[in-house]
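Q: Got a predicted structure plus its sequence, pasted below:
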Amino acid sequence: MVSGVAALVLGTLVALMRIGPVGSLRGFATVYTELVRNTPLTLVFAFCAFVLPYLGSHLPYLVAAFIALAVYTSPFIAEALRSGVNGVPVGQAEAARSLGFGFGQTVGLIVLPQAFRMTVPPLINVLIALTKNTSVASGFFVAELMTFGKQLANARGDAVIPVLLGVAVCYLVITVPLGGLAGRLERKWAIQR
């Protein structure tokens with residue numbers, strides 16, 4: 001949840017930079033998005049777990065895992081939001097500008113709320129992927145669901161398959177309701193349009 005909220009905030013900021021009028025911010029956001037989106041998650045974790053401490057950071061591994069997951073997920077959120085912004089009719093922004101709204105007001109009050117509504121299913125899919133990506137944290141000294149499953153499987157060598165199936169069911173208990181929520185919200189907001 002912590003990484004999800006942080007990724008939503010960071011992804012929204014990156015999306016705003018990508019659609020903004022300042023060329024240097026657009027360029028930075030484009031490079032950030034392409035660089036992070038095309039970097040393997042394990043490498044992002046390795047950077048946060050090993051390189052940051054080498055540079056003098058004293059973050060606990062759990063905080064480093066939050067950062068790695070948020071940084072890795074944010075460009076996917078940014079791209080989903082950017083596609084939502086591109087889906088808002090241009091007339092909406094033009095009407096806001098004709099009323100004297102600036103860029104920040106137009107985006108914050110008119111365009112972004114509509115973009116969020118249109119991108120709820122893709123955003124929830126990104127958050128579902130984030131939930132499954134937490135299993136990578138177990139390889140970097142962070143105790144999470146997969147870590148506990150491995151410990152239990154190691155302690156009970158004869159029950160490896162049931163333990164791993166139990167871990168899979170736990171992930172399903174988290175992700176399937178998120179998928180259902182996405183469907184309900186999509187139907188609800190489709191009716192309101």
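A: That came in fine, so what should we check first?
Q: Spit out the contact partners of Val44.
A: Contacts here follow CB atoms under 8 Å, 6 or more residues apart in numbering; on that basis Val44 touches 36, 68, 71-72. For every residue, glycine as well, the C-beta is placed using N, CA and C.
Q: what mean pLDDT does the host helix or strand of Val44 have?
A: Taking DSSP states H and E as the definition, one finds Val44 inside helix 41-46. For helix 41-46, mean pLDDT is 88.
Q: Output the below-cut-off pLDDT ranges for this structure.
A: Scanning the chain for pLDDT under 70 picks out the ranges 139-148, 150, 156-157, 189-193.
Q: Can you tell me, leaving aside adjacent residues, what's nearest to the residue nearest the centre of the chain?
A: Of all residues in the chain, the one closest to the mean position by CA atoms, centre = their mean is Thr73, 3.6 Å from it. Residue nearest to Thr73 in three dimensions, not counting chain neighbours: Ala7, with 3.8 Å by CB to CB, 6 or more residues apart in numbering.
Q: and the next element down the chain from the helix or strand that neighbour falls within?
A: Ala7 belongs to helix 2-19 when assigned by DSSP H and E. Going down the chain from helix 2-19, the next helix or strand is helix 23-37, by DSSP H and E.
Q: List the buried residues in that following helix.
A: For helix 23-37, a neighbour-count test (16 or more other CB atoms under 10 Å) marks 25, 29, 32-33, 36 as buried.
Q: The residue located most distally from the centre of the chain and Leu152: what is the separation?
A: Computed with CA atoms, centre = their mean, the residue of the chain farthest from its C-alpha average is Asp158, at 37.1 Å. Asp158 is 12 Å from Leu152, where distance means CB to CB, to the nearest Å.
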